[in-house]
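A.B. asks: pasted the sequence and its predicted model underneath.
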Amino acid sequence: MNPSIHSLRIAVLAGGDSDERPISLKSGAAVEAALSQFGHRALHLDPAIVELRGVDWSQFDVAFIALHGRFGEDGQVQQLLDDAGMRYTGSSAAASRLAFSKSAAKERFLQSGVPTPAYALIHYTDDFDRIQQQAETVGYPLVVKPDTQGSSLGISIVRKREQLSGALKRCFEFDGFGLIEAMIEGTEWTVGFIDSQTLPAIKIETDREFFDWQAKYDDDATRYIFDAKLPMPVIERIESAARDACRSLGTSGLMRVDLRVDDAQQPWVLEINTIPGFTDHSLLPKAAARMGISFPQLCDQVVQSVMGHQPPQPHILQAVRVRRAAS
């Protein structure tokens, strides 16, 4: 592996205390190993162990965020890094906050004309009869999901009224707010992006009821298909809907858009993942590999993009001046 032209000091943020901690740790370890292959000096920082507000960020050139879930994808760590004047990978604090809340993102999708399933926002204190009425309005079958959660945690497909109570209980274990969303019968798709570069769309097939935690991380029978037998105009509509969704939220860097495609071949955007999985088995790296971009190359490209497109922050300029004065 050829080392990068620009060797960087990189803080890899991974772990944390969200429900997705195990996946984040795997992502962080994979990113560290990949960046080291390119000659970068990568140091793992776990927010569950290290108080990030006490870190001397002048010792790093950039932070690679591999935190999933809360204090990773919700804009909090991005705001902390902004306050510290630190460059970081991925979307801004504002875009991250929007994307992490499924209801906020869907409102922006609707305002921007991005196709997304009908939904109703619910809260754990809502009267059950009221929630039942909202479910009837959305229509069965439907999906109940937490408003702010990833990796399909707390999600249930509800095909009849009798299943609603159990689905609400699972949802509210993970968040006080939830969504009742129209179920799109059809196929599961995801489209990844590296900045403005669109990666090949992936059709996801699972023998489980939907692409849940087990299908994502445990089930070796889950199938990822690049050459789906669909006309090119349909693939282009899928990719276009995904791009429009990202544009509507102002996301940047690495991101992945999850969609459903109905029987009429209409794509429907479900959500945007601003910090997708970073292992060599994750969906976005699979799509990058399809284009000939290895996992180490992908990680290096991400940090080099940040260094090339974000101007140096004041503390970084000062650190450079100090190093030059000492040389």
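C.D. replies: Ah, there it is.

A.B. asks: quick one: the closest residue to Ser282 other than its chain neighbours from Ser91, how far?
C.D. replies: Ranked by Cβ to Cβ, 6 or more residues apart in numbering and with sequence neighbours excluded, the top spatial neighbour of Ser282 is Pro276, at 6.3 Å. C-beta coordinates here come from the backbone N, C-alpha and C atoms, glycine included. As judged by Cβ to Cβ, to the nearest Å, Pro276 and Ser91 stand 11 Å apart.

A.B. asks: picking that back up, show the pLDDT at the residue nearest to Ser282.
C.D. replies: For Pro276, the model assigns a pLDDT of 91.

A.B. asks: ok, now Gln214?
C.D. replies: 52.

A.B. asks: try Pro312
C.D. replies: Residue-level pLDDT assigned to Pro312 equals 39.

A.B. asks: going forward, count from 31.
C.D. replies: All set: I'll call the first residue 31, so the last point we hit is now Pro342.

A.B. asks: report the secondary structure state of Gln193.
C.D. replies: Secondary structure, DSSP: H, G, I helix; E, B strand; the rest coil: Gln193 is helix.

A.B. asks: and if you look at the one 5 residues further on?
C.D. replies: Secondary structure for Leu198, judged by three-state DSSP, is helix.

A.B. asks: picking that back up, anything in contact with each of Pro306 and Ser121?
C.D. replies: Contact with both Pro306 and Ser121 is made by residues Met285, according to Cβ atoms under 8 Å, 6 or more residues apart in numbering.

A.B. asks: in stretch 208-219, what counts as buried?
C.D. replies: By 16 or more other Cβ atoms under 10 Å, the buried positions in stretch 208-219 come out as Gly208, Leu209, Ile210, Glu211, Ala212, Met213, Ile214, Gly216, Thr217, Glu218, Trp219.

A.B. asks: you'd agree the fifth one is up against Tyr149?
C.D. replies: Yes: between Ala212 and Tyr149 there is a contact under Cβ atoms under 8 Å: 7.0 Å.

A.B. asks: give me the common contacts of these two.
C.D. replies: Common contact partners of Ala212 and Tyr149 (Cβ under 8 Å, 6+ apart): Val168.

A.B. asks: what's the first-to-last distance across stretch 100-107?
C.D. replies: Stretch 100-107 has an end-to-end distance of 9 Å (Cα to Cα, to the nearest Å).

A.B. asks: same deal with stretch 306-322?
C.D. replies: End to end - Cα to Cα - stretch 306-322 spans 19 Å.

A.B. asks: okay, buried residues for that stretch please.
C.D. replies: Buried-residue list, stretch 306-322, by 16+ other Cβ under 10 Å: 306-310, 312-319.

A.B. asks: how would you label Ala93: helix, strand or coil?
C.D. replies: strand.

A.B. asks: still on that earlier bit, quick one: which of the buried residues of stretch 306-322 is nearest Gly338?
C.D. replies: Nearest to Gly338 out of those is Ala318 (Cβ to Cβ; 18.3 Å).

A.B. asks: chain neighbours aside, what residue packs nearest to the residue most central in space within the chain?
C.D. replies: Nearest to the mean C-alpha position of the chain, counting by Cα atoms, centre = their mean, stands Asn303 at 2.1 Å. What sits nearest to Asn303 in space, not counting adjacent residues and going by Cβ to Cβ, 6+ apart, is Arg286, at 4.5 Å.

A.B. asks: hmm, Ala134 is touching Arg127, no?
C.D. replies: Yes: applying Cβ under 8 Å, one finds Ala134 in contact with Arg127, separated by 7.5 Å.

A.B. asks: which of those two has more neighbours?
C.D. replies: Neighbours per residue, other Cβ atoms under 10 Å: of Ala134 and Arg127, the larger number sits with Arg127, 21 against 16.

A.B. asks: contacting residues around the more buried one?
C.D. replies: By Cβ under 8 Å, 6+ apart, the neighbours of Arg127 are Asp104, Gly105, Ala134.

A.B. asks: look up the pLDDT of the closest residue to the first one other than its chain neighbours for me, please.
C.D. replies: Sequence neighbours aside, Phe130 is the residue nearest to Asp104 in space, at 4.1 Å (criterion: Cβ to Cβ, 6+ apart). Phe130 is assigned 95 on the pLDDT scale.
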